[in-house]
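Q: Structure for the following, please:
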Amino acid sequence: MYLGKGWTTMSTIRTVAMPGGLGRLVLRVAALLLIALGLVLPPVADALAQDAAGAVEVVRIDGTITPVMARYLDRAIRRAEERNAAAVVLVMDTPGGLSSAMDDMIRDILESDVPIVVYVGPRGARAASAGVYLTYAAHVAAMAPGTNIGSASPVFIGGDGATGGDETMARKVTNDAVAQIKNLAELRGRNAVWAEAAVREAVNATATEALDLDVIDLIAEDVPALLAAIDGQRVTLASGEAVLRTAQAETRDVKMTFVEEFLQILADPTVAYILLSIGSLGLFLELSNPGAVLPGVVGGLCLLLGLFALGTLPVNWAGLLLIGFAFVLFIADLFVPSFGTLTIGGLISFVLGSYLLIDSDVPGYAIAEPVIWTVTVCLLAFFVFIAGAVLRARLRRPATGRQALIGAVGTVRRELKPDGMVFLHGELWRATAAEGEAGAVPAGAQVVVAGLAGLRLLVRPAEAEVRNDIVITADRRVVASS
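A: This next block holds a predicted model:
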């Protein structure tokens, strides 16, 4: 009806102002544009309204806290801010990790313009060590039934834990950790006393206990129940207060990129250890067999990836040096007649370095012991194989040079009386019948090389399988008879 009235009014105006045909054409085009806008604008408005309401971005923090995990969270929060998301939910199950990565993640949460909700789940999950700090830093903290939180004591790399090593340094680090978590507790209005006990005494709490102690805000069965429960709650962001609108919000998983997943796999201590071992072995093969190329390329690539992985791990440098010293001994054994002593010393150094390489006191970081012994046995088997191959090569009859000619069978081309010509190994040789051989050796006869005098062959007839002290073998080679 509105368009009809508009059409009538415009028709009247245009009819007066323009010639008849042109005026009607302009009016028809204008009407079509109005109809098109009427069809397009409502869906666009709905889409804008839906985007304004915002979806909930779900981030999975599953495993140890590493720099790769910190990078993943930073990307997820930046994406949520760009898309005007209603909230970011961190579904977390972690044994802890590096404090440097944890600090980066806490900073991202505190500076976020989007509400951050930490949800310790699903059932059986835990938020230990660095996970406690992330839970306290979140705007909303929740846990699933059957989960636990706690054990936030700092651990020293290369030391004996918070109670070992330099006591003064231990107190400094512990007090700094306590101050950090108490600040988070005051900022979010959570239990600061329990937080301090989690750091100093490594206390733990179940989901129900955490709720009673005011460590978390609520318990939820799953993410949809969590979003329904926190709808309408007020939170304080870096930019000011905000009200959560999550009850009807769409949830979108923020997955790691391929590169992030690959780097997170590399951050596993066992994977880093295997890459380091393969890389060192590849370089050893390339140095012992120059020009092989493939072992050098594969070894160099694995070694670089292993060193990158070690950069994200709590490395004990004494362990790394012991592993490096082991491969120095392996290479030295190639050039020094140590009769295997250097290889045995290298294996001992390798095992000790493997156990010391990663500080196992840091939560979530340890090299599986079966892997250490499997790699060691493989190295031992490899060097036994190499030693056997070298021994067989030394015992094998020479295939070239003067020694290879002794016992070789040739054909007489010019009669030996006693001098003549013999065809051997594709070449013509001057030859002389050995002393004690009566008569001439005719052309076409088979002879055996019994010795050399400069470039002249000393030969004997090879008419029988056994003649004097010479035995002709099945492959027409000759060896001394027993």
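Q: Residues contacting stretch 368-378, please?
A: Contact partners of stretch 368-378, identified using CB atoms under 8 Å, 6 or more residues apart in numbering, comprise Thr270, Tyr273, Ile274, Ser277, Leu347, Phe350, Val351, Ser354, Tyr355. Every C-beta, even on glycine, is put in place using the N, C-alpha and C of the backbone.
Q: mind checking how far Cys378 is from Gly282?
A: Here the criterion is CB to CB, to the nearest Å. By it, Cys378 lies 13 Å from Gly282.
Q: Have a look at those two and say which one is more surrounded.
A: Gly282 (21 against 13; other CB atoms under 10 Å).
Q: show me the contacts for the nearest residue to the more buried one once chain neighbours are set aside.
A: Once flanking residues are discounted, Gly282 sits nearest to Gly299: 1.8 Å by CB to CB, 6 or more residues apart in numbering. The contact partners of Gly299, taken as CB under 8 Å, 6+ apart, are Ile278, Gly279, Ser280, Leu281, Gly282, Leu283, Phe284, Leu285, Glu286.
Q: Which ones among those residues lie within strands?
A: Assignment to strands by DSSP state E places none of the contacts of Gly299 there.
Q: Now render those residues as a markdown table, adding distance to Gly410 and pLDDT.
A: Listed next are the contacts of Gly299 as a markdown table, based on distance: CB to CB, whole Å; pLDDT from 0 to 100:
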| residue | distance to Gly410 | pLDDT |
| --- | --- | --- |
| Ile278 | 50 | 89 |
| Gly279 | 51 | 87 |
| Ser280 | 50 | 84 |
| Leu281 | 46 | 84 |
| Gly282 | 45 | 86 |
| Leu283 | 46 | 83 |
| Phe284 | 43 | 80 |
| Leu285 | 40 | 81 |
| Glu286 | 41 | 82 |
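Q: Nearest to Thr236 among these?
A: Gly279 (49.3 Å; CB to CB).
Q: Give me the secondary structure label for the closest residue in space to the closest one that isn't next to it in sequence.
A: With CB to CB, 6+ apart as the criterion, Gly279 has its nearest non-adjacent residue at 2.8 Å, and that residue is Leu303. Taking DSSP: H, G, I helix; E, B strand; the rest coil as the rule, one finds Leu303 in the helix state.
Q: show me the contacts for Val390.
A: Contacts of Val390 by CB under 8 Å, 6+ apart: none found.
Q: Which strand or helix spans it?
A: helix 369-395 (DSSP states H and E).
Q: Quick one: name whatever helix or strand follows that helix.
A: Helix 369-395 is succeeded, C-terminally, by helix 402-405 (DSSP H and E).
Q: tell me the mean pLDDT for that next one?
A: Here helix 402-405 scores 72 as its mean pLDDT.
Q: Start and end of stretch 435-451, how far apart?
A: 11 Å (CA to CA, to the nearest Å).
Q: One more: stretch 354-372?
A: 7 Å.
Q: i'd like the first residue to be 19 from this point on
A: With the count now opening at 19, the last piece we talked about shows up as stretch 372-390.
Q: average pLDDT for that stretch?
A: Rounded mean pLDDT across stretch 372-390 is 76.
Q: Which secondary structure state does Val467 sit in?
A: Secondary structure assignment for Val467 (three-state DSSP): strand.
Q: Please name the residues that touch it.
A: Per CB under 8 Å, 6+ apart, neighbours of Val467: Leu423, Ile424, Gly425, Ala426, Val427, Gly428, Leu442, Leu475, Leu476, Val477, Val496.
Q: change it to 6 Å
A: Leu423, Ile424, Ala426, Leu475, Val477 (CB atoms under 6 Å, 6 or more residues apart in numbering).
Q: Chain neighbours aside, what residue packs nearest to Gly142?
A: Counting by CB to CB, 6+ apart, the nearest residue to Gly142 once its immediate chain neighbours are dropped is Gly164, at 5.9 Å.
Q: Looks to me like that neighbour is in a helix.
A: No: if the criterion is three-state DSSP, then Gly164 is coil and not within a helix.
Q: how many other residues sit next to it?
A: 13.
Q: Give the ranges of residues in the chain that sit below the confidence cut-off.
A: Applying pLDDT under 70 to the chain flags residues 19-71, 173-184, 377-382, 414-419, 454-457, 481-500.
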